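# Kindly generate the corresponding structure for this input.
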Amino acid sequence: MPPDLPKDDNLHSPQRRIIELRIEHADLDSLIDGAAEQSPVDELALRRLKKRRLLLRDQIARLEAELDPPEPA
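Model (predicted):
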């Protein structure tokens, strides 16, 4: 029987998720830069990468807002 693994409450924390999303966003930046330099440029693939990057940016902003909500006016 395998030993019990320590429970890591931070494994699924919002902060960790933000870090993971930022890494994925940076990876997409690199892919987009590389795809834009290719000849011929695959416009469809480039649009899909940019759309995914935008979705990630929105997810990051939403999680950050949940962690640090704006103060009421």
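
# For the chain, which segments count as strands?
According to DSSP state E, the chain carries no segments that qualify as strands.

# Show me the shaky parts of the chain.
1-10, 73 (pLDDT under 70).

# Kindly recompute the last result at 90.
1-14, 35-42, 45, 67-73 (pLDDT under 90).

# now the helices for the chain?
Under the criterion DSSP state H, helices of the chain are mapped to 14-37, 43-67.

# Can you add mean neighbour count and give those back as a markdown table?
For every residue, glycine as well, the C-beta is placed using N, CA and C. Rendered in a markdown table, the data for the helices of the chain read as follows (neighbours: other CB atoms under 10 Å):
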| stretch | mean neighbour count |
| --- | --- |
| helix 14-37 | 13 |
| helix 43-67 | 13 |
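
# Next one: the residue sitting nearest the centre point of the chain from Glu37, what distance?
With distances taken as CA atoms, centre = their mean, the chain has Leu21 as the residue nearest its mean C-alpha position (2.2 Å). Separation of Leu21 from Glu37 (CB to CB, to the nearest Å) stands at 25 Å.

# for Ala61, same thing?
Here the distance between Ala61 and Glu37 works out to 28 Å (CB to CB).

# what's the spacing between stretch 12-21 and its chain's center?
Distance of stretch 12-21 from its chain centroid, counting by CA atoms, centre = their mean, to the nearest Å, is 9 Å.

# before we move on, what about stretch 22-40?
Its chain's C-alpha centre lies 14 Å from the corresponding centre of stretch 22-40 when counted by CA atoms, centre = their mean.
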